[in-house]
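Q: Kindly generate the corresponding structure for this input.
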Amino acid sequence: MKAQKNQRCYKCGNPLEEENSADEHVLLNAIGGKLKSKDLLCEGCNSTIGGEADAELAKQLAFFSTYFPIKRDRGKTPTLKGFKSESGKDYNMQPGGRPEFGRPEIEEKKVGDEVEISASAKNEKELTTILGSLKKRFPDIDLDKWKEKYEWKEDYIDETLHFESHIGGDLAFKSILKTAINFYVLKKGSFIELKSAIDSLITEERMDMVNQFYPTKKIYKKEPKEVVHLIHLVGRKHERVLYCFIEFFSTYSFVVKLSDDYDGKNFKETYCYNILTCKELKKDVKLNFSANELKEALTTPALPSDIIKKANRAMKIGQDIQTDNEISRIVGKAVDEVFNKYKHEPLITRQMIDEFSEKVAEAYVKFALRNKKRRDIFE
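A: Below is the predicted model:
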């Protein structure tokens with residue numbers, strides 16, 4: 001089925017013209033959604049419908065958006081705050097999964113009549129701010145001497161980092177309902193069949209048309225190294241049901257009822273986007289609900305074990321990507337350090353090769369030991 005052009009805004013019903021149409025992402029761009037259209041909502045409705053709900057869903061999915069990281073149309077993927085180590089220290093996660101200090105650390109210890117101060121910061125800008133605040137408290141501090149003594153070093157974190165997150169709730173479900181409506185209107189070019197769903201999107205606070213749903217059997221083939229967003233839309237005339245299955249990051253999945261009085265043609269339409277390769281994939285999804293099965297899917301709570309199993313798979317894929325990136329970084333750093341040291345040498349010498357090999361070996365062994373501890377978490 002090819003996407004058909006919709007002539008009216010599905011919220012207000014006004015004609016969509018060039019001057020009042022607006023790009024609407026079917027899947028949130030904040031989570032890497034690229035599928036969008038000017039044939040869904042007018043500019044006015046696009047700016048008002050679901051904004052709070054979209055922000056909530058984006059927040060709930062922020063861990064994976066940063067962990068991989070996804071590519072947005074505008075702006076960079078932000079650093080994610082809110083991680084805690086076992087010892088209580090604050091950390092952030094940079095795009096791609098690398099941790100950094102969450103906030104500067106300042107330790108003061110009184111020794112006789114003097115105060116010994118040590119400070120840690122994640123960059124020079126933060127260090128300058130720390131020194132400025134200390135100078136106000138201790139005017140006699142010689143900042144130039146401090147700056148001469150500080151050193152930057154990189155190390156791996158031995159502690160496990162914890163991050164609290166949840167998925168679901170009426171506000172996030174409203175954003176998921178909008179995704180299903182957007183996809184149907186994009187593909188069918190009509191929204192007559194969606195009156196109750198659109199009314200719920202605009203007026204209802206409780207989203208009983210959406211629920212987390214994890215099939216007991218595989219409904220499509222997952223390749224070993226792919227992480228996808230998937231939308232599967234189905235209309236079944238003889239069952240009078242119109243529903244949508246949505247999956248984010250190959251981890252969180254939902255079922256959405258768009259109509260329980262569907263009288264159109266039988267059809268199914270699937271969209272699948274690999275966030276790692278930024279390419280659309282073809283998937284044969286086998287999910288055919290009867291009216292009773294759809295009702296059961298919308299009322300049965302999801303089991304935490306279902307979510308954890310799928311999340312671990314995605315985390316392992318991300319970990320493999322991080323491993324490859326870290327090995328490349330180790331080699332690149334060694335190249336820069338050694339060949340900058342001998343930049344005036346016309347040829348590569350045995351001494352240069354030995355120093356390069358030693359730096360790579362030392363850094364890699366340290367990383368490999370730390371990486372084994374990480375893998376044990378997912379075993």
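Q: Could you list the low-confidence segments of the stretch 1-150 of the chain?
A: 1-2 (pLDDT under 70).
Q: Please identify the helix or strand for Cys45.
A: helix 43-48 (DSSP states H and E).
Q: Quick one: end-to-end distance for stretch 248-263.
A: Start-to-end span of stretch 248-263 (C-alpha to C-alpha, to the nearest Å) is 29 Å.
Q: got a list of contacts for the helix holding Cys45?
A: Contact partners of helix 43-48, identified using C-beta atoms under 8 Å, 6 or more residues apart in numbering, comprise 9, 11-12, 20-24, 40. C-beta: built from backbone N, CA, C; applies to glycine.
Q: let's go with 6 Å and repeat that
A: Here helix 43-48 makes contact (C-beta atoms under 6 Å, 6 or more residues apart in numbering) with 9, 11-12, 20, 22, 24.
Q: which of the residues in it are buried?
A: 43, 45-46 (16 or more other C-beta atoms under 10 Å).
Q: just stretch 185-203 next, same as before
A: Going by 16+ other C-beta under 10 Å, stretch 185-203 has these buried residues: 185-188, 191, 193-194, 197-198, 200-201.
Q: quick check, nearest of the residues you listed to Ser175?
A: Here the nearest of the buried residues of stretch 185-203 to Ser175, counting by C-beta to C-beta, is Leu201; it sits at 9.4 Å.
Q: Tell me which helix or strand the closest one sits in.
A: Element membership for Leu201, per DSSP H and E: helix 195-203.
Q: Specify the local secondary structure of the residue nearest to Leu303 when sequence neighbours are not counted.
A: Nearest non-adjacent residue to Leu303, counting by C-beta to C-beta, 6 or more residues apart in numbering: Tyr214, 7.2 Å away. Classification of Tyr214 using DSSP: H, G, I helix; E, B strand; the rest coil returns coil.
Q: wait, isn't Tyr214 in contact with Asp306?
A: Yes - using C-beta atoms under 6 Å, Tyr214 is in contact with Asp306, at 3.8 Å.
Q: For the two, indicate the residue with more neighbours.
A: More neighbours surround Tyr214 than the other of Tyr214 and Asp306, with 19 against 15 (other C-beta atoms under 10 Å).
Q: Where do the helices of the chain begin and end?
A: 43-48, 51-60, 62-67, 124-137, 143-149, 170-188, 195-203, 291-299, 304-341, 350-378 (DSSP state H).
Q: counting contacts, what elements does the longest one pack onto?
A: Where contact means 3 or more C-beta pairs under 6 Å, 6 or more residues apart in numbering; DSSP states H and E, helix 304-341 is packed against helix 350-378.
Q: What residues sit buried inside the helix it packs on?
A: Neighbour counts using 16+ other C-beta under 10 Å place 355-356, 359-360, 363-364, 367, 371 of helix 350-378 among the buried residues.
Q: quick revisit: touching the helix holding Leu201 from outside, list them.
A: Applying C-beta under 6 Å, 6+ apart, the contact partners of helix 195-203 are 177-178, 181, 209, 258.
Q: filter these to the buried ones?
A: 177-178, 181, 209, 258.
Q: For the residues you listed, give me TSV that also has distance to Ala302 and pLDDT.
A: Below are the buried ones among the contacts of helix 195-203 laid out as TSV (distance: C-beta to C-beta, whole Å; pLDDT from 0 to 100):
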residue	distance to Ala302	pLDDT
Leu177	17	96
Lys178	21	95
Ile181	22	96
Met209	16	95
Leu258	20	96
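Q: if we can go back for a sec, identify the farthest-apart pair in the contacts of helix 43-48.
A: Cys12 and Glu24 (13.5 Å).
Q: Pick out whichever of those two has more residues nearby.
A: A side-by-side neighbour count of Cys12 and Glu24, using other C-beta under 10 Å, places Glu24 first with 24 against 13.
Q: That one and Leu40 touch, don't they?
A: Yes - with contacts counted by C-beta under 6 Å, Glu24 reaches Leu40, the gap being 4.3 Å.
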